[in-house]
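Quick one, what's the 3D model for this:
(one chain, ligands or ions: 1)
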Amino acid sequence: MTQSSSDIAPIDDWNRLLDGRVVVVTGGGDGIGGAVSRLFARHGGIIEIAEIDAARADRTVEAIVAGGAVAHKNIVDVTRQPDVDRLATTVLDRHGRVDVLVNNVGDFRPLVRFNESTPESIEAMYQVNLQHFFTVTRAFIGSMIEHRRGSIVNVHSVEGMRGYPNDPVYGAMKAAVAHFTTNLAVLYGRKGVRVNGIGPDLTQTPQVDYMTGGEDQDTLWPSWAPVGRLGWPEDQARVALFLASDMSGYVTGHNIPVDGGTKAGGGWFYSPSARRFVNRPRSL
Ligand SMILES: NC(=O)c1ccc[n+]([C@@H]2O[C@H](COP(=O)([O-])OP(=O)(O)OC[C@H]3O[C@@H](n4cnc5c(N)ncnc54)[C@H](O)[C@@H]3O)[C@@H](O)[C@H]2O)c1
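Numbering: from 1, shown residues only. Sure, this is the predicted structure:
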């Protein structure tokens with residue numbers, strides 16, 4: 001086999017990084033998934049939103065179509081296998097293939113202290129944060145392998161990349177998604193499929209609402225995240241776009257914290273009053 005730089009997929013239009021690619025986004029109606037759907041559509045992706053909430057799906061499809069791009073809604077609960085089967089049949093019948101899959105659904109609620117957890121609460125965490133990553137990926141991986149083209153972006157959490165005391169079960173599910181990402185990447189790299197993950201933190205969405213926290217957020221942010229501000233769904237979507245597109249053609253098996261630097265900060269906070277970094281919350 002002759003290796004050549006022509007193995008690098010050409011990028012013809014830097015403003016349309018996903019031109020003509022068929023994209024499935026789970027939870028693509030709002031929050032991080034909504035921003036992914038909108039940004040990927042602006043870059044020429046044909047968006048298939050897999051969403052449990054019809055109103056959210058409608059809003060995002062309407063916004064995308066109003067912008068002159070293409071999106072379809074699929075009202076499904078991705079934790080239910082019959083729904084995943086129906087999603088796969090609909091999308092594959094409509095387009096004949098899927099090029100990009102963004103597995104995004106997840107939820108930290110209800111927050112259960114580990115000593116109060118039950119088999120049912122653990123099962124519920126598994127269903128919403130891990131199980132559907134297996135079933136939805138399994139539903140579309142065959143098409144990607146057949147066409148020797150695919151990029152999967154798994155949205156997990158920075159809590160799967162560091163210790164999370166509030167709910168160790170949730171953190172473990174997110175860590176499992178990150179490692180599933182790594183395993184799949186090694187397994188399918190030679191089949192033309194890349195798999196990467198992002199670990200959000202501190203991002204304003206319907207699920208994680210920092211705007212109505214009741215505290216004076218503006219004074220807190222400088223010491224909260226190293227970049228000094230709240231994160232927005234678009235911050236996540238931009239990194240997901242890089243990973244989904246040929247921009248990252250030589251990147252696979254990686255999990256990127258998209259966290260404003262909180263993981264890197266590792267317990268150090270900037271104290272505006274002391275004008276230095278402190279690792280003692282009382283000193284704040
Ligand atoms: N926002 C953050 O700061 C943050 C931090 C860490 C991890 N995350 C992770 O990022 C992902 C997205 O989070 P978000 O904050 O945007 O969440 P969100 O709850 O605001 O949005 C999730 C979307 O998924 C849909 N959805 C929920 N359950 C579904 C199901 N079973 N089937 C289909 N659709 C479903 C919802 O209707 C909603 O549109 C999740 O995996 C979450 O755990 C977010």
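
Quick one: end-to-end length of stretch 158-178, please.
Stretch 158-178 has its terminal residues 10 Å apart, counting by Cα to Cα, to the nearest Å.

how far does it sit from the chain's center?
How far stretch 158-178 lies from its chain's middle: 15 Å, per Cα atoms, centre = their mean, to the nearest Å.

what do you get for stretch 50-66?
On Cα atoms, centre = their mean, the centre of stretch 50-66 falls 18 Å from the chain's centre.

who in the stretch 51-200 of the chain is up against the ligand?
51-53, 56, 76-79, 104-107, 155, 157, 200 (Cβ under 6 Å from any ligand atom). In short, each C-beta sits where N, CA and C put it, glycine included.

Could you pull up the mean pLDDT of the strand ranked longest in the chain?
Ranked by residue count, the top strand of the chain under DSSP state E comes out as strand 193-200. In this model, strand 193-200 carries a mean pLDDT of 98.

Show me what the following helix or strand past it is in contact with.
Downstream of strand 193-200, the first helix or strand assigned by DSSP states H and E is helix 217-224. Identification of contacts with helix 217-224 by Cβ atoms under 8 Å, 6 or more residues apart in numbering yields 202, 210-211, 228-230, 269-272, 284.

give me that answer again for 10 Å
202, 210-211, 213, 227-230, 260, 262, 265, 268-274, 277-278, 284 (Cβ atoms under 10 Å, 6 or more residues apart in numbering).

buried stuff in it?
By 16 or more other Cβ atoms under 10 Å, the buried positions in helix 217-224 come out as 221, 223-224.

Then stretch 267-284?
Judged by neighbour count (16+ other Cβ under 10 Å), stretch 267-284 contains these buried residues: 269-271, 278.

thinking again about what came up before, check the contacts of helix 217-224 one by one and keep those near the ligand.
Among the contacts of helix 217-224, the residues lying close to the ligand (Cβ under 6 Å from any ligand atom) are Leu202.

Please list the members of the contacts of helix 217-224 that lie in strands.
Members of the contacts of helix 217-224 lying in strands (criterion: DSSP E): 269-271, 277-278.

can those go into JSON lines with extra columns for pLDDT?
JSON lines is the format used below for these (pLDDT from 0 to 100):
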{"residue": "Phe269", "pLDDT": "81"}
{"residue": "Tyr270", "pLDDT": "82"}
{"residue": "Ser271", "pLDDT": "82"}
{"residue": "Phe277", "pLDDT": "86"}
{"residue": "Val278", "pLDDT": "85"}
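
wait, which of those is closest to the ligand?
Distance to the ligand across the ones in strands among the contacts of helix 217-224 (Cβ to the nearest ligand atom) is lowest for Phe269, with 18.3 Å.

was I right about that closest one contacting Gly261?
No - under the criterion of Cβ atoms under 10 Å, Phe269 makes no contact with Gly261, lying 11.4 Å away.

list the residues that contact both of those two?
Residues touching both Phe269 and Gly261 (Cβ under 10 Å, 6+ apart) are 225-226.

ranges for the strands of the stretch 51-200 of the chain?
70-75, 100-103, 150-155, 193-200 (DSSP state E, counting those that start in this stretch).

wait, which of those is closest to Val25?
For these, proximity to Val25 was assessed by Cβ to Cβ; strand 100-103 is nearest, at 4.6 Å.

In the sheet, which strands lie alongside the closest one, parallel or antiparallel?
strand 22-26 (parallel), strand 150-155 (parallel) (DSSP bridges).
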